[in-house]
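>>> With the input below, show me the fold.
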Amino acid sequence: NDPVITSCVSDRDVSFDLGCSFTLLDYTTAPELVIAECSPYEITQSPVAGTIISDTTVVTITVTDEYGNDVACQFYINPSDNTDPTFTVPPTDTVCRNLDCSYNIDPSITGDVVNEWDNCAVGIQAFVHIDDNTNLTSCDTAGYIIRTWRLDDGSGNIVDQDQIIWVEPVPTVIPIVQDTILCDSTYTNVRLSSPNVFTYGSLTFDYTVASTGGVTGYTTPVTGLPLDHMITDQLVNPTNEVQTVTYMITPVSPTGCGNGHSEQVVIAVNPTPWLTVDIAETIYCDSSTVEFTVTDGLESATGERVYRVYRDYDPLNVHIEGENPGFDEDQSYSITLSDEIRNLTSQVQTVTYTFKALIKDPRGADPGYYCDQGGDTTIVITMIPTPRLAVDVAETVYCDSSTVDFLITDGLTGSMGANVYRLTRI
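Below is the predicted model:
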């Protein structure tokens, strides 16, 4: 009788080796192979152990007894690719934002995968599976992208690796200007601020300056200024017109990304205010009206051009109708200054007028702020007292051909010029 195989070798699912093949094992001693035969027998396998296969293969087990009787059974060897492909991911890289906040992270710039390999697949290429930009928060601060590269061998084996790509911000300057309108020979106050945060280093600033009218007091160009630097230039306007000084400030990246948008700061520099005062006389009789013609000496300014007048006198001795000693503020050049002055005494009195030209701040934020760098113009008005006299006579009734004597006494204690009197006989 033929030998009996009561249990054959089970089908096998196996993995390809690194060469995308599988070497058959010796299955004649597999534990699940059970043979019912009393006489001696021989077990053979086809294909034999050591055969290299690259696809599903049928293996036949044959049992032959000593009489030449044989029996066979078959099972399947199912090889498959279970080996992950490998590749080298690009190193961490850094890119710069453009001035419009855009950026380019094409692999030609940030690096491509190399050394793709698989035991079975040929010519496979890794690709960008996803770019996670949730760590990019604004154009002003550095952030990073997590780029996931993927390599798929087509046999269900997929490998992902991450690359970090840093994105630098757009260099930005925010000039904080305390005053855009300055009086002559005063100082700028411009702070160079920025919201930027870079991967390393600190932003710096360069600037150039241009001016009109020969304004001096600044340096140009200036480079390498640190964050929060204060530009404090004393700007001198040599003219009688308002002039401008323009600062062009450029932010410079510390990471080699170049310069950002330049910001312009324009400072108006007023001239030194000045005036002229014309008056017909400086010596007046009592109760005269004194008129001053006050003329603005400037051709232009930023702000209203006015003047102040300060009257200095003793109100016990002098009375000015409608006025008191001290300042009259914000006088207009278009109105003639007119004072009616009374001398309350019998002596010469003086009124000292001090005029000062001003430029009033036009912005309204500080209505009490003026440009007042000009000097004072002082005029002294002398007021002669009202002339007076006393007449003494012994009698007022006389006989014919009598001599009448009059004693004329000056009523003033001080005056300008000769004190005289006139006599009219009727």
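>>> where does the stretch 151-300 of the chain dip in pLDDT?
For the stretch 151-300 of the chain, no stretch has pLDDT under 70.
>>> what sits opposite Glu36 in the beta ladder?
Actually, residue 36 is Ala. It isn't Glu. Val4 (DSSP bridges).
>>> what's stretch 56-68 in contact with?
Outside stretch 56-68, the residues within contact range by Cβ atoms under 8 Å, 6 or more residues apart in numbering are 2-3, 5, 8-9, 24, 27-28, 33, 35, 37, 39-47, 51, 70-79. C-beta here means a position set from N, CA and C on the backbone, and glycine is covered the same way.
>>> Just the CA atoms of that stretch, as PDB, please.
Taking Å, rounded to 0.1, in the frame of the first residue of the first chain, the C-alpha atoms of stretch 56-68 are listed here in PDB:
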ATOM      1  CA  THR A  56       4.000  32.600  -5.000                       C
ATOM      2  CA  THR A  57       5.400  29.100  -5.400                       C
ATOM      3  CA  VAL A  58       3.800  25.700  -5.000                       C
ATOM      4  CA  VAL A  59       6.000  23.300  -2.900                       C
ATOM      5  CA  THR A  60       5.400  19.600  -3.300                       C
ATOM      6  CA  ILE A  61       6.200  17.100  -0.500                       C
ATOM      7  CA  THR A  62       6.700  13.500  -1.700                       C
ATOM      8  CA  VAL A  63       6.800  10.400   0.600                       C
ATOM      9  CA  THR A  64       8.300   7.200  -0.900                       C
ATOM     10  CA  ASP A  65       8.500   3.900   1.000                       C
ATOM     11  CA  GLU A  66      11.100   1.200   0.500                       C
ATOM     12  CA  TYR A  67       8.900  -0.500  -2.100                       C
ATOM     13  CA  GLY A  68       8.800   2.500  -4.300                       C
END
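>>> State the number of residues packed around the closest residue to Glu37 other than its chain neighbours.
Once flanking residues are discounted, Glu37 sits nearest to Pro3: 4.0 Å by Cβ to Cβ, 6 or more residues apart in numbering. Using other Cβ atoms under 10 Å, Pro3 has 21 neighbouring residues.
>>> so where do the helices sit in the stretch 1-150 of the chain?
Using DSSP state H, counting those that start in this stretch, the helices of the stretch 1-150 of the chain run over 107-110.
>>> What number of residues are in the vicinity of Ser193?
So Ser193, with other Cβ under 10 Å, has 16 neighbours.
>>> Any idea what it is bridged to?
Counting by DSSP bridges, the residues bridging with Ser193 are Ile174.
>>> Ok, Asp131 next?
With DSSP bridges as the rule, Asp131 is bridged to Arg147.
>>> for Val380, same thing?
Thr352.
>>> Give the full set of residues in contact with it.
Thr282, Thr350, Val351, Thr352, Tyr353.
>>> separation between it and Cys285?
Remark: distance between Val380 and Cys285 (Cβ to Cβ, to the nearest Å) = 16 Å.
>>> now Ile61
151 Å.
>>> and if you look at Ala210?
Ala210 is 58 Å from Cys285, by Cβ to Cβ.
>>> does Leu337 really touch Tyr307, like I thought?
No: between Leu337 and Tyr307 there is no contact under Cβ atoms under 8 Å: 9.1 Å.
>>> Find residues that contact each of these two.
With contacts taken as Cβ under 8 Å, 6+ apart, Leu337 and Tyr307 have Val294, Gln331 as neighbours in common.
>>> neighbour count winner among those two?
Tyr307 (24 against 19).
>>> hang on, the earlier thing: of the contacts of Val380, closest to Asn237?
Tyr353 (27.8 Å; Cβ to Cβ).
>>> residues touching the closest one, list them.
Tyr353 touches Val277, Phe292, Val309, Tyr310, Arg311, Asp312, Thr378, Ile379, Val380, Ile381, counting by Cβ under 8 Å, 6+ apart.
>>> ok, of the residues you listed, which come out buried?
Buried members of the contacts of Tyr353, counted by 16 or more other Cβ atoms under 10 Å: Val277, Phe292, Val309, Tyr310, Arg311, Ile379, Ile381.
>>> what separates the closest residue to the second one other than its chain neighbours from Asn133, distance-wise?
Yep, that's Phe292 we're talking about. Nearest-residue entry for Phe292: Leu337, 4.2 Å, with adjacent residues in sequence omitted and distances by Cβ to Cβ, 6+ apart. Per Cβ to Cβ, Leu337 is found 72 Å from Asn133.
>>> got it, and Thr172?
20 Å.
>>> what's the answer for Gln74, then?
57 Å.
>>> Would you mind telling me which of the two has more residues around it?
Asn133 (16 against 13).
>>> so what's that one closest to, chain neighbours aside?
Ile145 (4.9 Å).
>>> and if you look at Ile379?
With Cβ to Cβ, 6+ apart, the residue lying closest to Ile379 is Tyr353, at 4.8 Å.
>>> and what of Thr86?
Thr86 sits nearest to Trp117 (Cβ to Cβ, 6+ apart), 5.1 Å away.
>>> can I assume that neighbour is in contact with Phe87?
Yes: the pair Trp117 and Phe87 qualifies as a contact (Cβ under 8 Å) at a distance of 7.1 Å.
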